[in-house]
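J.: everything below, folded, please.
(2 chains)
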Amino acid sequence: MSAIIQASELSCFYGVILGLNNVSFTLGAGITGIVGPNGAGKSTLIKVITGQVRPSSGQLTVFGETPWNNPSVLSRIGYCPEHEHVHADLRPLDWLESLALLSGLPRGQARARGEEVLTEVGLATQHWKKRIGTYSKGMRQRVKLAQALLHRPRLLILDEPMNGLDPMGRHEISDILRSLQRAGTHILISSHILDELQSLCGAFLMLNWGRALASGSQAAIRSEIQHWPEQVVVRTNRPEVVAATLGQAGLLRGYLLETDRVLLWLRDPAAFYATWTTTLAGCDADILDVQSKSTSLTSVFEKITE
Amino acid sequence: MTPRTDPASEPLAGTFPVPAASATPLGAVIRAMVLLRLRALLRPKLFLRFAGFAVGIGAVTWFAVPPANERQFAQWSVEVFLLRILPLLCLVTGGSALRDEIRAFTIEYLWTRPARKADLVIGAYAGALALTLTQGVVYVLVIHATSALHGFPGAWSYLPGSLLATVGGVFAFTALAHALGVLTGKYLVIGVLYGALVEIGLSRLPTRLNNVSVTHHLQTLIESAGTGGEPVRLAGLLSGALGCALIAAAGLAVAAVLFTMKTYRIGDEKET
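T.: Residues are numbered from 1 along each chain as shown, chains lettered A, B, ... in the order given. From the prediction side, this is the model:
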């Protein structure tokens, strides 16, 4: 894997507050998701990658260079922050023109490039003359994404880009990101909406409490944790009977009963999948559906943080 | 999606040779920052405030300064306006040049660009300078025009000295305020304390220590500008201008070093 971002024993503290704690990982090409709950260190990591925060110890490189006070790295990075704050008094093209100049675009091209990226992110031209402060949340997200694309970055970094977007908006942003990836842009994206990352990202970095729990493709992460208990949901008319039968067969670590289904924590997934049909065949319950929860990214993350 | 032909955005494989990427030139940074500042501020609300302040300055000149009273005119135009009101204007505008961006979270859009942080400081200073200089010159013209209309034609003889002092004062005070704004969110309080200690206290000491105060250099500029029929003293003008320029350069240098070294935690004003 060609490394785009490499971290080695990276730590970052704000006074006594822990941001990142001895984190090491390598991120490669394509779309990579940074996953973790609030306080996991996602935003701190993104700030280190974008050169906004200097690591307390350890090292992080982007394209082989440290990003802190390094215009050479920043010229190849586009950054879309999490918060909604923008220059509300400005019109989008005025704002983008200034940012394009700051990114080193020639004076004559700055405004034209602003128009190009606004079109790329799907902001309708009738909104271009309004001040950004009057925009809806979704429109602001588009303008924020546009400013990150101004200088055609090789690495696009998005901090919670789906926040506040309706399903249609999320779908459109996902499509834009896929198009960018096809055009050769590498993308690093953090989000709480894990299921959307699952369909979008080829690889993940999982953080919790400032530590890197796992990194790599979802399949690779799952293979690393295959010895951990699986979760299975059985939809049935008699959840208590199903739980009791499987429990007596020694297949369960635990269960949670609901009205029409039971959530099972398996003691040995291999043994369960080999015997569950015969075990449940003799019990007095209709089995409507059996589904493993563990295929979802959310489930993988839940297991890792257990 | 618009087809992209930029070679830098071609799909990458294997290695990442470092392109000849360099920092955005200072001229482009200044242009961008001035455009950003002016476009954000030049709205009807600002013009109204600007005009209201000019009318207020004119009204004070008309009603509070007796006609043809040279001593009182000098007190008002120099002691009060140039040495008290103008520095406060510079403190508010210069101090907020980057601090407003930090408070509003929008600084992230600036410092993740391939521009040197020191250049961003200079660009923000240029934006603040454009505003304070315009205001300062307009207010000085209002004071002198009002006084002349109010029966003191000699007010015009003070104009060259006042304009020189305005320009020198705006350059120096705005730079100092800019440095305070980069240093702390409490730049207004620190600025007023600095004014009391250095600009009012040290400037009056009859020692070389008064060279650190802008006030001392502004007084030198005014006294050397040929006010009231006195001969113009070139050495005094150069000394005053050089003093203001050196203080402005020192302020900018401090601001640039601080901004380059500091880490700001956006929005919550906590810094390291």
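J.: quick check: bridge partners of residue 264?
T.: I went with chain A, as the question did not name one. residue A:232, residue A:255 (DSSP bridges).
J.: meant chain B actually
T.: residue B:271.
J.: residue numbers of the stretch 151-300 of chain A in contact with chain B?
T.: Within the stretch 151-300 of chain A, the positions near chain B by Cβ under 8 Å from any Cβ of the partner chain are A:151-152, A:154, A:176, A:179-180, A:183-186. Every residue, glycine included, has its C-beta placed from N, CA and C.
J.: so which of the residues you listed sit within strands?
T.: Secondary structure assignment by DSSP state E places residue A:186 of those in strands.
J.: in helices, which of the residues of the stretch 151-300 of chain A next to chain B fall?
T.: A:176, A:179-180 (DSSP state H).
J.: now the helices for chain A?
T.: Listed in chain order, the helices of chain A (DSSP H) span A:42-49, A:71-74, A:92-102, A:107-120, A:137-149, A:167-182, A:194-200, A:218-224, A:239-248, A:269-281, A:297-304.
J.: next: chain B.
T.: Under the criterion DSSP H, chain B carries helices at the ranges B:26-41, B:44-64, B:70-74, B:86-103, B:107-111, B:117-149, B:159-183, B:187-194, B:214-224, B:234-261.
J.: for residue A:207, which of these is the nearest?
T.: With Cβ to Cβ as the measure, helix B:107-111 is the member of these nearest residue A:207 (20.3 Å).
J.: tell me how many other residues crowd residue 187.
T.: Reading this off chain A. For residue A:187, the neighbour count with other Cβ atoms under 10 Å in any protein chain shown is 23.
J.: not what I meant, chain B
T.: 23.
J.: from the ones in helices among the residues of the stretch 151-300 of chain A next to chain B, pick the one nearest chain B.
T.: Minimum distance to chain B across these is 4.4 Å, recorded for residue A:179 (Cβ to the nearest Cβ).
J.: would TSV of the ones in helices among the residues of the stretch 151-300 of chain A next to chain B with neighbour count and pLDDT be doable?
T.: Shown next, in TSV, are those (neighbours: other Cβ atoms under 10 Å in any protein chain shown; pLDDT from 0 to 100):
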residue	neighbour count	pLDDT
A:176	18	90
A:179	14	91
A:180	23	92
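J.: got JSON lines for the helices of chain A, with distance to residue B:108 too?
T.: Formatted as JSON lines, these follow (distance: least, Cβ to Cβ, whole Å):
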{"stretch": "helix A:42-49", "distance to residue B:108": "9"}
{"stretch": "helix A:71-74", "distance to residue B:108": "12"}
{"stretch": "helix A:92-102", "distance to residue B:108": "11"}
{"stretch": "helix A:107-120", "distance to residue B:108": "18"}
{"stretch": "helix A:137-149", "distance to residue B:108": "10"}
{"stretch": "helix A:167-182", "distance to residue B:108": "19"}
{"stretch": "helix A:194-200", "distance to residue B:108": "22"}
{"stretch": "helix A:218-224", "distance to residue B:108": "30"}
{"stretch": "helix A:239-248", "distance to residue B:108": "50"}
{"stretch": "helix A:269-281", "distance to residue B:108": "45"}
{"stretch": "helix A:297-304", "distance to residue B:108": "27"}
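J.: any idea how far residue A:258 is from residue A:291?
T.: Distance of residue A:258 to residue A:291, computed by Cβ to Cβ, to the nearest Å: 14 Å.
J.: ugh, typo on my part, it should be residue B:81
T.: Relative to residue A:291, and taking Cβ to Cβ, residue B:81 is found at 78 Å.
J.: name the residue in these two with the higher neighbour count.
T.: Neighbour count, other Cβ under 10 Å: between residue B:81 and residue A:291, residue B:81 has more, with 23 against 12.
J.: who touches the more buried one in this structure?
T.: By Cβ atoms under 8 Å, 6 or more residues apart in numbering or on different chains, the contact list for residue B:81 reads B:57, B:139-140, B:143.
J.: any of those residues buried? List them.
T.: B:57, B:139-140, B:143 (16 or more other Cβ atoms under 10 Å in any protein chain shown).
J.: low-confidence bits of chain A, can you list those?
T.: For chain A, residues meeting the criterion pLDDT under 70 lie at A:1, A:164, A:192-193, A:195-196, A:222-229, A:292-306.
J.: please name the nearest non-neighbouring residue to residue A:269.
T.: residue A:230 (4.2 Å; Cβ to Cβ, 6 or more residues apart in numbering or on different chains).
J.: also residue A:32?
T.: The shortest distance from residue A:32 to any non-neighbouring residue, by Cβ to Cβ, 6+ apart, is to residue A:203 (4.7 Å).
J.: ok, and for stretch A:51-67, which residues are buried?
T.: In terms of neighbour count (16+ other Cβ under 10 Å), stretch A:51-67 has its buried residues at A:51-56, A:58, A:60-63, A:67.
J.: of the residues you listed, which are in range of chain B?
T.: A:51-54, A:63.
J.: mind putting those in a markdown table, distance to residue B:244 included?
T.: Below are these laid out as a markdown table (distance: Cβ to Cβ, whole Å):
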| residue | distance to residue B:244 |
| --- | --- |
| A:51 | 35 |
| A:52 | 34 |
| A:53 | 36 |
| A:54 | 35 |
| A:63 | 44 |
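J.: of all residues in the stretch 151-300 of chain A, which one is closest to chain B?
T.: For the stretch 151-300 of chain A, Cβ to the nearest Cβ, closest residue to chain B: residue A:184, 3.8 Å.
J.: find the nearest non-adjacent residue to the residue nearest the centre of chain B, please.
T.: The C-alpha lying nearest the average C-alpha coordinate of chain B belongs to residue B:174 (Cα atoms, centre = their mean; 2.5 Å). For residue B:174, ignoring the flanking residues on the chain, the nearest one in space by Cβ to Cβ, 6+ apart is residue B:94 at 3.8 Å.
J.: pLDDT value on that neighbour, please?
T.: Note on residue B:94: pLDDT of 95.
J.: and if you look at the one 3 residues further on?
T.: Residue B:97 is assigned a pLDDT of 91 by the prediction.
J.: neighbours around the closest residue to residue A:25 other than its chain neighbours, how many?
T.: Among residues not flanking residue A:25 along the chain, residue A:215 sits closest, at 4.5 Å (Cβ to Cβ, 6+ apart). By other Cβ under 10 Å, 23 other residues sit near residue A:215.
J.: before we move on, the earlier item: and the buried ones among the contacts of residue B:81, which two are furthest apart?
T.: B:57 and B:140 (9.1 Å).
J.: what's the separation between residue B:233 and residue B:97?
T.: Here residue B:233 is placed at a distance of 34 Å from residue B:97 (Cβ to Cβ).
J.: which one's more surrounded, those two?
T.: Neighbour count, other Cβ under 10 Å: between residue B:233 and residue B:97, residue B:97 has more, with 26 against 15.
J.: who are the contact partners of the more buried one?
T.: Residue B:97 neighbours (Cβ under 8 Å, 6+ apart): B:37, B:124-125, B:127-128, B:178, B:181.
J.: tell me the one of those residues nearest residue B:31?
T.: residue B:127 (10.1 Å).
J.: how about low-confidence regions in the stretch 151-272 of chain B?
T.: Using pLDDT under 70, the flagged stretches of the stretch 151-272 of chain B are B:228, B:265-272.
J.: pretty sure residue A:201 is touching residue A:189, no?
T.: Yes: here residue A:201 lies in contact with residue A:189, judged by Cβ atoms under 8 Å, at a distance of 6.8 Å.
J.: joint contacts of these two?
T.: A:31-33.
J.: any idea which of those has the most stuff around it?
T.: With neighbours taken as other Cβ under 10 Å, the top of these is residue A:32, carrying 27 neighbours.
J.: next, count neighbours for the residue nearest to residue A:246 when sequence neighbours are not counted.
T.: Spatially, and ignoring its direct neighbours in sequence, residue A:246 is nearest to residue A:252 (5.2 Å; Cβ to Cβ, 6+ apart). Residue A:252 has 21 neighbours, counted by other Cβ under 10 Å.
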